[in-house]
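>>> The following block contains a protein sequence and its predicted model.
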Amino acid sequence: MNKYYTYIATDANRRYLQAGLTTNLNGTQQEISQGNPALFPFAVLNRMVLVEAFDNMQAAEKRLSELNGMCRLVKERLIRKQNPNWLSLNPTLPRTAGHKKTVVYA
């Protein structure tokens, strides 16, 4: 039984929000995190900030049409409800930001 996923992807500045539908979540996450310009030619979307899973295609397509019909403010509220810090939802991918040294000033 296939799982169908709807997602919202954004860029680093949160300027663009793009909703999409996929069956291969890991492959789509890798394409988005690499900033594939063929996937989104108008902006470099590199973070998947909202993911919803569905068991059938009709429910996923219905939710995708709902997401595309929402205004930006409603999409932002939906994202902040489930992901308040707009973190990238790529748990399977290695994080390169962990290698940076951090300095904390008191």
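Looks like it came in fine. Numbering: from 1, shown residues only.
>>> which stretches of this protein have low pLDDT?
Low-confidence segments of the chain, defined by pLDDT under 70: 1, 35-41, 91-106.
>>> Identify each of the strands in it and give its residue range.
4-10, 17-22, 47-54 (DSSP state E).
>>> Figure out which of those strands is closest to residue 67.
Across the strands of the chain, residue 67 has its closest neighbour in strand 17-22 (4.0 Å, C-beta to C-beta). Glycine gets a C-beta too; all of them are placed from N, C-alpha and C.
>>> quick one: which of the strands of the chain is nearest residue 85?
For the strands of the chain, the distance to residue 85 is smallest for strand 47-54, at 9.4 Å, taking C-beta to C-beta.
>>> For the protein, just list every one of the helices.
For the chain, helices defined by DSSP state H occupy the ranges 25-33, 57-69, 72-82.
>>> which residues sit against the longest one?
So the one you mean is helix 57-69. 4-6, 8, 19-21, 52, 54, 75 (C-beta atoms under 8 Å, 6 or more residues apart in numbering).
>>> Please list only the buried members of the residues you listed.
Buried members of the contacts of helix 57-69, counted by 16 or more other C-beta atoms under 10 Å: 4-6, 8, 19-21, 52, 54, 75.
>>> about what we covered before: want to try JSON lines for the helices of the chain, with distance to residue 90 as columns?
Converted to JSON lines, the helices of the chain look like this (distance: least, C-beta to C-beta, whole Å):
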{"stretch": "helix 25-33", "distance to residue 90": "5"}
{"stretch": "helix 57-69", "distance to residue 90": "20"}
{"stretch": "helix 72-82", "distance to residue 90": "15"}
